[in-house]
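Trainee: Sharing a sequence plus its predicted fold:
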Amino acid sequence: FFNDDFVPSVTVGDKWFVASTSKLQALELADAAGKKTTDRTGFWLSVKLDPLRSFGADWLKLVDENAAQIFADQEGALEEFQTNKAQMEKALLVLGDFDSITANVRRESGKLRGSIHFKTH
């Protein structure tokens with residue numbers, strides 16, 4: 001079942017440490033890491049999380065302050081909101097640790113590759 005393209009792998013070099021589920025990709029990453037390139041290929045998505053967190057906090061505050069009116073005609077909705085409010089606050093708190101998320105899907109040497117980067121504050 002295991003081959004070099006699907007096996008937990010840790011590659012250590014003079015400048016790089018790569019943990020991966022693909023030994024081949026880890027070696028390719030270590031080799032490519034020293035080469036500077038500015039060409040973006042494939043699908044890119046970058047999300048700045050501070051505005052999203054701020055919007056979420058404002059939305060939660062607005063709904064909380066007006067919950068009785070918002071959920072007046074929806075049986076059980078107010079209780080559901082109140083039950084889930086602590087989880088939403090916790091999610092917003094955790095989101096505060098992150099600056100952005102960037103995802104990229106592309107072809108490298110004929111193989112489809114994907115990466116996700118989390119930037120913290």
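Mentor: Yep, that arrived. Numbering: from 1, shown residues only.
Trainee: Using PDB, write out every CA atom in the helix or strand where residue 30 lies.
Mentor: For residue 30, the element it lies in under DSSP states H and E is helix 23-33. Provided in PDB are the C-alpha atoms of helix 23-33 (Å, rounded to 0.1, in the frame of the first residue of the first chain):
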ATOM      1  CA  LYS A  23       8.600  11.500   0.500                       C
ATOM      2  CA  LEU A  24       8.900  12.500  -3.200                       C
ATOM      3  CA  GLN A  25       7.100  15.800  -2.500                       C
ATOM      4  CA  ALA A  26       9.300  16.500   0.500                       C
ATOM      5  CA  LEU A  27      12.400  16.100  -1.500                       C
ATOM      6  CA  GLU A  28      11.000  18.300  -4.300                       C
ATOM      7  CA  LEU A  29      10.000  21.000  -1.800                       C
ATOM      8  CA  ALA A  30      13.500  20.900  -0.200                       C
ATOM      9  CA  ASP A  31      15.100  21.200  -3.600                       C
ATOM     10  CA  ALA A  32      12.700  24.000  -4.700                       C
ATOM     11  CA  ALA A  33      12.900  25.900  -1.400                       C
END
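Trainee: Tell me the helices and strands packed up against the helix or strand just after it.
Mentor: Following helix 23-33 in sequence order, the next helix or strand is strand 43-48 (DSSP H and E). Here strand 43-48 touches strand 98-108, going by 3 or more C-beta pairs under 8 Å, 6 or more residues apart in numbering; DSSP states H and E. Glycine gets a C-beta too; all of them are placed from N, C-alpha and C.
Trainee: in this structure, which helix or strand is least confident?
Mentor: The helix or strand of the chain with the poorest confidence is helix 23-33; it has a mean of 76 (mean pLDDT, DSSP states H and E).
Trainee: so what does that one touch, helix or strand wise?
Mentor: strand 9-12, strand 17-20.
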